[in-house]
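> For reference, the sequence and a predicted model appear below.
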Number of protein chains: 2
Amino acid sequence: EIVAALSPPQASPLDGVRVLLTAGPTREPLDPVRFLGNRSSGRMGYALAESLSDLGARVVLVSGPTALPGPRVDALVRVETALEMHAAVMSRVADCDLFVATAAVADYRPERAADGKIKKSSEELTLRLVRNPDILSEVAASTPAPFTVGFAAETDRVSDYALGKLRDKKLDMIAANLVGAERGGFERDENALSVYWSDGSRDLPMMDKTRLAAELAALIAERYRERHVAST
Amino acid sequence: EIVAALSPPQASPLDGVRVLLTAGPTREPLDPVRFLGNRSSGRMGYALAESLSDLGARVVLVSGPTALPGPRVDALVRVETALEMHAAVMSRVADCDLFVATAAVADYRPERAADGKIKKSSEELTLRLVRNPDILSEVAASTPAPFTVGFAAETDRVSDYALGKLRDKKLDMIAANLVGAERGGFERDENALSVYWSDGSRDLPMMDKTRLAAELAALIAERYRERHVAST
């Protein structure tokens, strides 16, 4: 008991825990040159991957295209499209204990990508888009499912959407942020999050993304351990 | 005459020439998060802007969003959409002698951008796109028009398309490269170009983009001076 009291009780709260984390945007090609993209920089996800590593986790990061240097993780898998990210995640989900989906995955992709560059010939163009698979829902519905953490980037009614997503997708936690606001969110250095789980929530106020990632990682570890202890 | 023979005849062949150059991709928003983009990194344009500066030109660079550090130019104007690039160029075209369009400007933009993030509700989505203005053609058709250099990034039949564009848009020069090939083009460190003008052409073989930019700048200066001397 004295030894326990002397050692830092949570220096490595995720020691040996296998984390699979997605980050960055996806790009959905229209042709070899053009694509549908989004404003995710990957910064929050990369910072969170490193923070989870710092807590002892073995982290595999599946990343869409970003301009960031490779982070300190155990493995980095680079993908471009939502379908590629889906394949990279689903082939690894059986080997993870904790899944964190920070990536801004395109909900839709062009029905088909042209082999050659589309020539501009008309004043208007109609683009048919089809739904991409919902990676987060599939992971949360897998058996056995890892502890699953989602992100919600919303422009309004943030808590409504986030709580709906937590429930509908059967997530263990969800972190919501307001994008398109003056400060915070995509392409910014700082951010604020509201984090929800089935019977609780916590607000992490506006701060530098690196510090925010460390606080969120600690909160994920706390919830993960509570679940892990409760279920064994 | 002795003095002339001793001084390097073309150390600053573009001394005092006012250059307006566009570079990078444009992004056409679908909503606050999603956009239509393209794979232009801006590297070739930034390198060319610096090479033209090195030849004595006063360079104003109008740049779409890139991950590059700001280049050595006299002024840098940052824009995001094709409409913003169009406005930034047309308001400055009367004050330039030489216009170089390296930017990969989106030919189409979504008919309207949603104020809030589009919610995924259906299996399919139809996106209506409308044409963006053709900046290069407008500049070449302005009176008096600057010496106008275009770029063509094509995936096939490169020389046919490039020569068609040179003629149809009434350009003074066009530099064509093959994108989507194994080496060269978007997102690569090296590139090769075929450069055409009304009565001649030159191939610049595969090389590092910085060196290629220097060779292309020298060729532009040569053609610009020939025209300038011929017309005065």
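Done, it's in.
> got a list of what the residue nearest the centre of chain A touches?
Computing the C-alpha centroid of chain A and ranking residues by C-alpha atoms, centre = their mean puts A:Thr102 first, at 1.4 Å. Each residue near A:Thr102 by C-beta atoms under 8 Å, 6 or more residues apart in numbering or on different chains is listed here: A:21-23, A:44-45, A:48, A:151. Where you see a C-beta, it was placed from the backbone N, CA and C, and this is true even at glycine.
> In chain A, what helix or strand scores lowest on average pLDDT?
None of the helices or strands of chain A scores lower by mean pLDDT, DSSP states H and E than helix A:2-6, at a mean of 51.
> CA-only coordinates of the helix or strand harbouring A:Gly45, as CSV, when you get a sec.
Using DSSP states H and E, A:Gly45 maps to helix A:43-54. Below are the C-alpha coordinates for helix A:43-54, written out as CSV (Å, rounded to 0.1, in the frame of the first residue of the first chain):
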residue,chain,number,x,y,z
ARG,A,43,-3.7,18.5,-36.1
MET,A,44,-6.1,17.6,-33.4
GLY,A,45,-5.9,13.9,-34.3
TYR,A,46,-2.1,13.8,-34.6
ALA,A,47,-1.8,15.5,-31.2
LEU,A,48,-4.3,13.1,-29.6
ALA,A,49,-2.4,10.1,-31.1
GLU,A,50,0.8,11.4,-29.4
SER,A,51,-1.0,12.1,-26.1
LEU,A,52,-2.4,8.5,-26.1
SER,A,53,1.1,7.2,-26.8
ASP,A,54,2.4,9.3,-23.9
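> Packing partners of that helix?
Other helices and strands packing on helix A:43-54, by 3 or more C-beta pairs under 8 Å, 6 or more residues apart in numbering or on different chains; DSSP states H and E, are strand A:18-23, strand A:58-63, strand A:98-101, helix A:209-231.
> same thing but at 7 Å, please
Helix A:43-54 sits against strand A:18-23, strand A:58-63, helix A:209-231, with contacts defined as 3 or more C-beta pairs under 7 Å, 6 or more residues apart in numbering or on different chains; DSSP states H and E.
> That helix vs strand A:58-63, what angle?
For helix A:43-54 against strand A:58-63, the angle by axes from the mean of the first three to the mean of the last three C-alpha atoms, to 10 degrees is 170 degrees.
> now the strands for chain A?
A:18-23, A:28-29, A:34-38, A:58-63, A:75-78, A:98-101, A:108-110, A:124-131, A:147-154, A:173-178, A:190-197, A:200-208 (DSSP state E).
> Of those strands, which is nearest B:Ala162?
Proximity to B:Ala162 (C-beta to C-beta) singles out strand A:34-38 among the strands of chain A, at 19.2 Å.
> which residues sit against the closest one?
Here strand A:34-38 makes contact (C-beta atoms under 7 Å, 6 or more residues apart in numbering or on different chains) with A:25, A:27-30, A:104, A:106, A:110, B:33-38.
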